[in-house]
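# This is the structure alone, sequence omitted:
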């Protein structure tokens with residue numbers, strides 16, 4: 001408490017230095033997808049997917065206090081607004097269902113946080129923020145190698161949640177650690193009727209110095225590699241529609257990661273595992289996933305990229321395996337800019353994607369063209 005009051009007092013005594021930095025990005029993305037085994041209506045789909053617009057407000061009004069607000073608007077999603085039963089024959093019996101849909105936008109608030117930095121290498125952040133279970137979850141939306149995060153990460157981890165996070169690191173970022181408590185409501189598999197906090201711990205070791213989570217960093221030239229591991233423990237209660245407790249659930253999710261960067265070449269791999277057990281059925285729910293991705297930024301402003309991922313869901317009862325593959329390239333029109341930090345402000349990409357639902361024997365293929373334009 002004395003440390004907190006002392007730091008707050010020194011910050012108030014210092015000359016205020018209000019600052020507001022506004023930055024953002026625009027990411028249009030167009031997808032064409034073919035599913036031969038689907039019903040004729042769904043055999044061919046196309047449209048905007050992973051398109052988004054992001055806007056960030058950040059600043060440091062006091063020497064030891066920072067804030068950040070990141071808003072992201074994605075492509076609208078069609079949802080059911082109303083369902084009506086229709087008697088088309090006027091015989092007193094309903095023989096048809098009328099469904100009306102509307103377009104909605106979700107995940108507008110990606111991060112709203114306040115950070116206290118009492119000393120170098122230590123900070124406490126509170127608010128809505130990304131859950132740092134994996135490395136890719138900590139990469140900014142506009143700094144992803146592909147137009148989206150790997151499917152195993154999206155299946156087993158929420159992008160953001162409400163919580164408080166304590167972050168510390170040694171000089172040069174050789175060892176970093178994070179511990180936090182989150183609301184847990186946004187973890188995949190959770191429902192509105194469930195209540196319980198999620199406790200997180202993560203440690204990462206980078207012997208040659210800190211390795212940024214920026215997957216398309218144009219300034220990355222020195223050799224770097226890192227090993228990381230994280231764990232989320234989410235004990236919660238399940239309530240019925242009235243509000244009485246039905247059962248207790250223990251949900252544990254973990255990840256391990258390895259990343260490498262060397263003169264324009266990057267390689268990363270992560271594995272995730274989930275084990276859930278409830279007191280009612282006492283049947284574990286087990287899921288495992290992994291992915292690896294690589295890129296090579298060539299001097300001609302071209303960057304070949306590739307990714308492979310796998311997820312096995314419900315392994316304890318009815319296993320369901322899915323494999324993803326993606327390959328293509330990124331093109332950087334401003335790669336020759338004098339100011340090196342601006343070389344990736346404009347990026348065009350073309351990716352071929354394939355999804356193999358092994359258990360069902362189905363294959364889905366598609367191509368995605370996208371652009372990322374950043375501004376400050």
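Sure, I can see it. Predicted model only: the values in this text are computed from it and were never measured.

# Residue 336: what secondary structure?
Assigned with DSSP: H, G, I helix; E, B strand; the rest coil, residue 336 falls in the coil class.

# So which residues of the stretch 1-150 of the chain form helices?
Taking DSSP state H, counting those that start in this stretch, the helices of the stretch 1-150 of the chain run over residues 2-13.

# What are the phi and psi values at residue 153?
Phi and psi for residue 153, reported as degrees, to the nearest 10, are phi -70, psi -40.

# Show me which residues of stretch 283-300 are buried.
Of all the residues in stretch 283-300, those buried under the rule 16 or more other CB atoms under 10 Å are 285-297. (Each C-beta comes from the backbone N, C-alpha and C, glycine too.)

# Tell me which residues touch residue 178, please.
132, 165, 166, 167, 168, 200, 201, 202, 203, 230 (CB atoms under 8 Å, 6 or more residues apart in numbering).

# which of those residues are buried?
With neighbours counted using 16+ other CB under 10 Å, the contacts of residue 178 contain these buried positions: 132, 165, 167, 200, 202, 230.

# Which of those fall within strands?
When strands are assigned by DSSP state E, the members of the buried ones among the contacts of residue 178 inside them are 165, 167, 200, 202, 230.

# of all those, which two lie farthest apart?
Of all pairs drawn from those, the widest gap by CB to CB lies between 167 and 230 and measures 12.8 Å.

# just checking, residue 152 is part of a helix?
Yes: when the secondary structure is assigned by three-state DSSP, residue 152 falls within a helix.

# Pull the distance from stretch 41-61 to the chain's centre.
How far stretch 41-61 lies from its chain's middle: 12 Å, per CA atoms, centre = their mean, to the nearest Å.

# my read: residue 306 touches residue 324, true?
No: with contact defined as CB atoms under 8 Å, residue 306 does not reach residue 324; the gap is 11.5 Å.

# could you pull out the strands for the stretch 151-300 of the chain?
160-169, 175-182, 194-195, 198-205, 224-239, 245-262, 265-278, 285-296 (DSSP state E, counting those that start in this stretch).

# ok, of those strands, where does mean pLDDT dip lowest?
Lowest mean pLDDT within those: strand 194-195, a mean of 76.

# Show me the strands paired with that strand, marking each as parallel or antiparallel.
For strand 194-195, the pairing partners within the sheet under DSSP bridges are strand 224-239 (antiparallel).

# Give the buried residues for the partner strand.
Residues of strand 224-239 classed as buried by neighbour count (16+ other CB under 10 Å): 224, 225, 226, 228, 230, 232, 233, 234, 236, 238, 239.

# Low-confidence regions, the stretch 51-200 of the chain specifically.
Applying pLDDT under 70 to the stretch 51-200 of the chain picks out residues 75-107, 158, 188-193.

# returning to that earlier point: Throw the contacts of residue 178 into TSV and include distance to residue 121, thanks.
Supplementary listing: the contacts of residue 178 in TSV, determined by distance: CB to CB, whole Å:
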residue	distance to residue 121
132	17
165	15
166	12
167	9
168	6
200	19
201	18
202	16
203	15
230	19
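
# Among those residues, which one sits closest to residue 349?
Distance from residue 349 was checked for each of these by CB to CB. The minimum falls on residue 132, at 25.5 Å.

# residues contacting that closest one?
138, 165, 178, 180, 200, 202, 230.

# now, among the buried residues of strand 224-239, which is nearest to residue 281?
residue 238 (11.0 Å).

# That closest one contacts residue 250, doesn't it?
No: with the criterion set as CB under 8 Å, residue 238 and residue 250 do not qualify as a contacting pair; they are 11.7 Å apart.

# Mind listing the shared neighbours of these two?
Contact criterion CB under 8 Å, 6+ apart; residues bridging residue 238 and residue 250 by contacting each: residue 278.

# I'd like the buried ones among the contacts of residue 178 as a markdown table, with distance to residue 254 appended.
Converted to a markdown table, the buried ones among the contacts of residue 178 look like this (distance: CB to CB, whole Å):
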| residue | distance to residue 254 |
| --- | --- |
| 132 | 13 |
| 165 | 18 |
| 167 | 19 |
| 200 | 10 |
| 202 | 10 |
| 230 | 7 |
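
# Max pairwise distance over these: which two?
Of all the pairs that the buried ones among the contacts of residue 178 form, the one spanning the most space (CB to CB) is 167 and 230, at 12.8 Å.

# now residue 112: how far from residue 225?
Remark: distance between residue 112 and residue 225 (CB to CB, to the nearest Å) = 33 Å.

# and if you look at residue 351?
The spacing between residue 351 and residue 225, counted by CB to CB, is 26 Å.

# for residue 236, same thing?
As it turns out, when the distance is counted by CB to CB, residue 236 lies 36 Å from residue 225.

# ditto for residue 110
Applying CB to CB, the value for residue 110 to residue 225 is 29 Å.

# cool, and residue 367?
The value you get for residue 367 to residue 225, if CB to CB is used, is 32 Å.

# likewise residue 247?
Looking at residue 247 against residue 225, where the rule is CB to CB, the gap reads 43 Å.

# Kindly report the same for residue 32.
According to CB to CB, residue 32 and residue 225 sit 37 Å apart.

# quick one on the thing from earlier: can you list the strands of the stretch 151-300 of the chain in CSV and add distance to residue 214?
Shown next, in CSV, are these (distance: least, CB to CB, whole Å):
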stretch, distance to residue 214
strand 160-169, 16
strand 175-182, 15
strand 194-195, 35
strand 198-205, 15
strand 224-239, 12
strand 245-262, 10
strand 265-278, 10
strand 285-296, 12
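
# ok, now which ones touch residue 130?
Listed by CB under 8 Å, 6+ apart, the contact set of residue 130 reads 110, 111, 137, 138, 159, 160.
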